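**Q** coordinates only, sequence not included:
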């Protein structure tokens with residue numbers, strides 16, 4: 001009787017850790033690109049540590065959140081298949097794994113110093129508040145999820161020792177808010193306020209969330225453009241590559257907004273992994289920015 005659950009639990013546990021969501025942690029690498037010319041082994045090592053730290057920490061948060069939401073998830077048309085909700089993984093197994101992952105994350109943070117540990121603790125504190133209360137409060141739940149992305153970017157700067165400009169932080173903050181507001185808009189449009197398991201959705205309207213993600217998109221574009229224009233080429237005949245990068249950046253923003261407006265951005269990582277146009281625009285942006293960095 002007990003052999004089957006023990007055999008089934010490991011793959012179910014890995015699914016509950018949501019390894020596909022680790023793509024979000026690539027944000028810790030964002031500070032590396034503008035400073036590519038000055039990178040050294042220590043900075044690259046720090047970025048790797050920060051990435052692994054957030055993989056462990058975010059998976060621990062997902063496990064804890066799924067334990068808290070297991071009853072509500074059973075009433076959801078999609079989330080009912082989650083291993084914890086359907087009983088493949090027990091709450092004890094999930095919380096034990098979460099504890100181990102937290103210890104790993106703390107050890108990784110300490111390997112780079114107390115400042116990275118502080119960023120990790122702030123992230124865990126906000127996520128704990130989100131799981132226990134904030135996810136039911138409109139606006140505050142948007143801000144708390146957004147902070148998780150912003151803290152990833154900050155952790156990348158702290159772990160690598162690269163100073164972060166105010167424009168970079170604004171782009172990271174409003175870009176994250178854009179994705180989260182778009183995610184809620186897609187959820188509301190696809191499952192409705194009453195069909196979902198988020199109580200905060202009952203307080204939102206499609207028009208409000210459309211206003212929120214459009215406002216965030218505008219702020220992202222303004223902040224990025226200000227950064228691009230103040231970090232252009234030097235000299236009378238220098239090509240302003242960072243300014244040119246505004247074009248693919250804007251097109252990428254519009255492509256993602258198309259998915260949001262269609263109600264298909266409920267899982268942002270799925271959009272990024274499967275939208276070929278968005279991937280091509282992202283590659284063009286990386287190439288243009290790289291040329292600008294190395295020819296500055």
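**A** It's in. Predicted model only: the values in this text are computed from it and were never measured. Residues are numbered from 1 along each chain as shown.
**Q** Where does pLDDT dip in the stretch 51-200 of the chain?
**A** The stretch 51-200 of the chain contains residues with pLDDT under 70 at 77, 191-198.
**Q** Tell me which stretches of the stretch 151-296 of the chain form helices.
**A** Remark: helices assigned in the stretch 151-296 of the chain by DSSP state H, counting those that start in this stretch are 166-195, 206-230, 241-244, 246-261, 268-274, 276-294.
**Q** among those, which is nearest residue 22?
**A** Closest approach to residue 22 among these is made by helix 268-274 (8.9 Å; C-beta to C-beta). (Each C-beta comes from the backbone N, C-alpha and C, glycine too.)
**Q** What are the buried residues along that closest one?
**A** 268, 271, 272 (16 or more other C-beta atoms under 10 Å).
**Q** what do you get for stretch 175-195?
**A** By neighbour count with 16+ other C-beta under 10 Å, stretch 175-195 contains the buried residues 175-189, 191, 193.
**Q** ok, residue 64 touching residue 130?
**A** No. In this structure residue 64 lies outside contact range of residue 130 using C-beta atoms under 8 Å: 10.3 Å.
**Q** what sits against residue 151?
**A** If you count contacts by C-beta atoms under 8 Å, 6 or more residues apart in numbering, residue 151 has them with 119, 122, 123, 126.
**Q** how about the host helix or strand of the last one: buried residues?
**A** Under the criterion of DSSP states H and E, residue 126 resides in helix 114-132. Within helix 114-132, the residues that count as buried by 16+ other C-beta under 10 Å are 116, 117, 119, 120, 123, 124, 126, 127, 130, 131.
**Q** can you put those residues in a markdown table and add distance to residue 250?
**A** Formatted as a markdown table, those follow (distance: C-beta to C-beta, whole Å):
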| residue | distance to residue 250 |
| --- | --- |
| 116 | 33 |
| 117 | 37 |
| 119 | 30 |
| 120 | 34 |
| 123 | 30 |
| 124 | 35 |
| 126 | 31 |
| 127 | 32 |
| 130 | 31 |
| 131 | 35 |
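**Q** Which residues does stretch 133-148 contact?
**A** Contacts for stretch 133-148 (C-beta under 8 Å, 6+ apart): 58, 123, 126-127, 129-130, 173, 176-177, 180-181, 184, 198-200, 203-204, 212.
**Q** distance between the ends of that stretch?
**A** In terms of C-alpha to C-alpha, to the nearest Å, the two terminal residues of stretch 133-148 are separated by 16 Å.
**Q** distance between that stretch and the chain's centre?
**A** Distance of stretch 133-148 from the chain centroid (C-alpha atoms, centre = their mean, to the nearest Å) equals 14 Å.
**Q** Relative to residue 40, how far out is the closest residue in space to residue 241 that isn't next to it in sequence?
**A** Spatial nearest neighbour of residue 241, excluding adjacent residues (C-beta to C-beta, 6 or more residues apart in numbering): residue 292 at 3.0 Å. Counting by C-beta to C-beta, to the nearest Å, the gap from residue 292 to residue 40 is 21 Å.
**Q** neighbour count winner among those two?
**A** The residue with more neighbours, out of residue 292 and residue 40, is residue 292; 23 against 10, by other C-beta atoms under 10 Å.
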